[in-house]
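1. Sequence and predicted structure below; questions after.
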Amino acid sequence: MRGFIVLIALVAVERVAELVVSNRNLTWSKANGGKEFGAEHYPVMVALHTGLLAGALAEARVRRRWVWPAFWVVIGAQLLRWWCITTLGKQWNTRVVVVPGAPRVTGGPYRLMPHPNYVAVVLEGAALPLAGGAWITAAVFSIANALLLRTRIRVEDDALQSLT
């Protein structure tokens, strides 16, 4: 159980690092005329991702199980996420913001698929709770996240169309 608590804590620290990068990039985007799309779903996304960490931790306290394959999927998801973040550079943040005249990024993982960061989110959302045996949290998050991503991807695709 201690190992799972450490894993959740590390993911929480990673989330804080993401927010620091995101806020810096959001400031840059807004200073360069960036327009935000879909702001109304952002609080739902924050609540869902916070609930993932809390739910996984709570359920794992009952299950007390460590699942190594799921742990390695979590690590892979983090690597993919940071590949996306570094590829997008200043254009990445946790919100959907488009800077007029900015080129659409097509390198890195974006040359392989249109939304690789969401692949990382889906993988992590299932694997992180499963690493601690928290299968109910994994299922609930995955279903709720699928509904949210349906909206988020539509908003992002519409926003990206404004680049062309």
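-> Right, received. Where do you want to start?

2. tally of neighbours for the closest residue to Ala144 other than its chain neighbours?
-> Nearest residue to Ala144 in three dimensions, chain neighbours excluded: Leu48, at 5.7 Å (CB to CB, 6 or more residues apart in numbering). C-betas here are computed from N, CA, C, even on glycine. Using other CB atoms under 10 Å, Leu48 has 18 other residues around it.

3. Could you do Glu156 as well?
-> 19.

4. can I assume it sits in a helix?
-> Yes: applying DSSP: H, G, I helix; E, B strand; the rest coil, one finds Glu156 inside a helix.

5. what's the residue closest to the geometric middle of this structure?
-> In the chain, the centroid-proximal residue (CA atoms, centre = their mean) is Val121; its distance is 4.4 Å.

6. residue contacts, the residue nearest to that residue when sequence neighbours are not counted?
-> Distance criterion CB to CB, 6+ apart; nearest residue to Val121, sequence neighbours excluded, is Asn145 at 6.8 Å. Asn145 is in contact with 48, 121-122, 125, counting by CB atoms under 8 Å, 6 or more residues apart in numbering.

7. For Val96, give me the backbone phi and psi.
-> Taking degrees, to the nearest 10, you get phi -100, psi 100 for the backbone angles of Val96.

8. Nearest spatial neighbour of Met45, chain-adjacent residues omitted?
-> Leu148 (6.0 Å).

9. Which positions within stretch 84-97 qualify as buried?
-> Of all the residues in stretch 84-97, those buried under the rule 16 or more other CB atoms under 10 Å are 84-85, 87-88, 90-97.

10. To clarify, my last question referred to stretch 44-62.
-> For stretch 44-62, the neighbour count (16+ other CB under 10 Å) marks 45, 48-49, 52-53, 55-57, 59-60 as buried.

11. What of stretch 30-38?
-> Buried residues in stretch 30-38, defined by neighbour count with 16+ other CB under 10 Å: 34, 37-38.

12. Save those as TSV, and put in pLDDT and distance to Val13 too.
-> Formatted as TSV, the buried residues of stretch 30-38 follow (pLDDT from 0 to 100; distance: CB to CB, whole Å):
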residue	pLDDT	distance to Val13
Gly34	96	27
Phe37	97	29
Gly38	96	27
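
13. List just the nearest of these to Met1.
-> Nearest to Met1 among the buried residues of stretch 30-38: Gly38, at 37.7 Å, using CB to CB.

14. Near the residue nearest to that closest one when sequence neighbours are not counted, how many other residues are there?
-> Spatial nearest neighbour of Gly38, chain neighbours left out: Val155 (3.5 Å); criterion: CB to CB, 6+ apart. Per other CB under 10 Å, the neighbour tally for Val155 reads 16.
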